[in-house]
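A.B. asks: sequence? don't have it. structure:
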C-alpha cells in the first residue's frame, strides 16, 4: 500500500515538474525529459510491468495537462517501460551506468516518436536538423539530470520494497 | 517464468489498445475528452501556479547578483529613453486626436481602439521541447474565451486554444502549428506569419506569401495582424521584417520576421476579452445590414424619447459587432 501511494505520488510530481520546469534551468531552451528518467529507472529496478504502468500513468497525466490528443504520451511511455524492462533480469540496478544507457536510449526513442508522429507527418522533413538541435541535446541534458534523479528513484524503491521474504 | 513474461505482454497489449482508443477518440471528438481534462487542470492549476512562482523566485536570485554599477548605467540609459519617449508620446497624442476627428467624419468608428483586456501570468509550459504552448492562470471566470488574442507589451504573443474556469491554454505564434494572417503596416499588403521550429534559434518567424508587385515593402517594415484574419483582432503588432526574398514563382515574396515579444522570458501577458467577429462573405454582410436597418426602423416606429435612444444605441452596437 505504501509502495503504491509513493509511486503514484512520484508519477504526479514528475508530471507536474515536467510542465513547470523553470525557464532559467534550460540549456539552449532545451528542458530535460523527467518522465523518461522515471520510466527507465523503474523498468530497470522493478521489471516490465511496473515500468510500463508508471510510464502509462505519468504519460496520461502529461496528456491531460498538455491538452493535446489524449493517449499520445501515454502510449510511448508505456512502450518505453516495457522495452526497457527487458533489462530487469540482465543488469544490476546499483551501478549508475546501466540506467544512464537506458535513459539515453529511451529519450532517443521518445524523440523519434515525437518527430515522426507530429512533425514528419506535417511535411517537416529536415530530420537531421531536429536530431541535432532537439533530440540529442535533450538526450544529453536528460542523462545528466538522470544521474541525480536515478539516485532518488533508487532510494524510494529501496525504502518501499520489503527485503525480507 | 513463462506466466510472468506473458502477463507483461498481455498488459502491454491492453495498454496499447487503451491508448490507441484514446488517441482515436481525441481525434474524432476533440471536445469529448474535455470534461476529464478540464477538471484535472482546474485542480492542478493553483499547484502549478505556486510551483511556477517558486521557480521565478529562484531565478530572481541570479538577477540580484548584477552589479550596482551596471544597474546605475542601465538606469541612466532608461531615463534618457523615457525622456525621448515622453516627447514622442505627446506628439502622438495630438496625432491620435486628429485621427479620431477624421474617423468620425468618415464614420469609421472604433477601428483600432484599445481592446478590452485582462492581465494573466504564465504558469506552465507544454511539456516538451517541440511545441510552444503555455498555460495562463486566468480563464472563463475572467471573461477569456477560445480564440481570445494574447499580447505582451504591445506585441502579439498567441491565441487561446482551450479555456477552463481558472486556466487557459495559449498557442504562441512561434509554435510550429501557428499561422497568423498579417499585413505590412505601411502598404497593407497581406502575408502569412508562420511559426517554424527550425527558426527558433535565430529568434525569427517565417513570412510567406507576401504579394508585393511594386517592391514597396522593405526590410525593417512593421508587420501587424491583418483585417482579414479570421481569429486575430486587426492592428496588433507582430514584428519587423528581417529578411525578404522573391519566391521562385516570381509572384510572391517570402522571408523572415523578428517578433517584438521576447518569448524566452514571457511571464505576464494581456488577453483580450473581445473576439473578432469574422464575416465570411460580402453577401452575408449585406444581408446583415438589411436586417439591422429593418430592426432599427421597427424600433423607431414603436417607441419614443429615451427608450428610442436606448434601443437605437443597442442596435448600433449590434451593428458594430457584426463587422
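C.D. replies: Thanks, I have it. All figures in this text were calculated on a predicted structure; none of them were measured in a lab. Residues are numbered from 1 along each chain as shown, chains lettered A, B, ... in the order given.
A.B. asks: run the contact check for the helix or strand bottoming out on mean pLDDT in chain A versus chain B.
C.D. replies: Across the helices and strands of chain A, mean pLDDT, DSSP states H and E gives its lowest value to helix A:127-130, namely a mean of 84. Yes. Under the criterion of C-beta under 8 Å from any C-beta of the partner chain, chain B is reached by helix A:127-130 at A:129, A:130. Bear in mind the C-beta positions are built from the backbone N, C-alpha and C, glycine included.
A.B. asks: now that helix: how far from the chain's centre is it?
C.D. replies: 22 Å (C-alpha atoms, centre = their mean, to the nearest Å).
A.B. asks: immediately after that helix, which helix or strand?
C.D. replies: Downstream of helix A:127-130, the next assigned helix or strand under DSSP states H and E is helix A:136-160.
A.B. asks: for the nearest residue to residue B:258 once chain neighbours are set aside, what are its contacts?
C.D. replies: Distance criterion C-beta to C-beta, 6 or more residues apart in numbering or on different chains; nearest residue to residue B:258, sequence neighbours excluded, is residue B:242 at 4.6 Å. Contact analysis of residue B:242 by C-beta atoms under 8 Å, 6 or more residues apart in numbering or on different chains lists B:204, B:219, B:255, B:256, B:257, B:258.
A.B. asks: which of the residues you listed are buried?
C.D. replies: B:204, B:255, B:256, B:257, B:258 (16 or more other C-beta atoms under 10 Å in any protein chain shown).
A.B. asks: any stretches of chain B with poor pLDDT?
C.D. replies: In the predicted model of chain B, residues B:1-5, B:32-33, B:59-66, B:104-114, B:127-131, B:278-323 satisfy pLDDT under 70.
A.B. asks: ok, longest helix in it?
C.D. replies: The single longest helix within chain B, with elements called by DSSP state H, is helix B:68-106.
A.B. asks: count the neighbours of residue B:205 for me.
C.D. replies: Residues within reach of residue B:205, counting by other C-beta atoms under 10 Å in any protein chain shown, total 25.
A.B. asks: mind checking the SS state of the residue nearest to residue B:135 when sequence neighbours are not counted?
C.D. replies: Computed as C-beta to C-beta, 6+ apart, the closest residue to residue B:135 that is not its neighbour in sequence is residue B:124, at 4.7 Å. Following DSSP: H, G, I helix; E, B strand; the rest coil, residue B:124 is assigned to strand.
A.B. asks: surely residue B:124 and residue B:52 touch.
C.D. replies: Yes. Counting by C-beta atoms under 8 Å, residue B:124 does reach residue B:52; the two are 6.4 Å apart.
A.B. asks: who's more crowded, the two?
C.D. replies: residue B:124 (27 against 23).
A.B. asks: distance check, that one against residue A:141.
C.D. replies: Separation of residue B:124 from residue A:141 (C-beta to C-beta, to the nearest Å) stands at 19 Å.
A.B. asks: quick revisit: for the least confident helix or strand of chain A, name the packing helices and strands.
C.D. replies: Contact partners of helix A:127-130 among helices and strands, from 3 or more C-beta pairs under 8 Å, 6 or more residues apart in numbering or on different chains; DSSP states H and E: none.
A.B. asks: buried ones in that helix?
C.D. replies: For helix A:127-130, by 16+ other C-beta under 10 Å, it's residue A:130.
A.B. asks: quick one: low-confidence parts of chain A?
C.D. replies: A:24, A:67, A:163-165.
A.B. asks: about what we covered before: overlap in contacts of residue B:124 and residue B:52?
C.D. replies: Common neighbours of residue B:124 and residue B:52 (C-beta under 8 Å, 6+ apart) are residue A:20.
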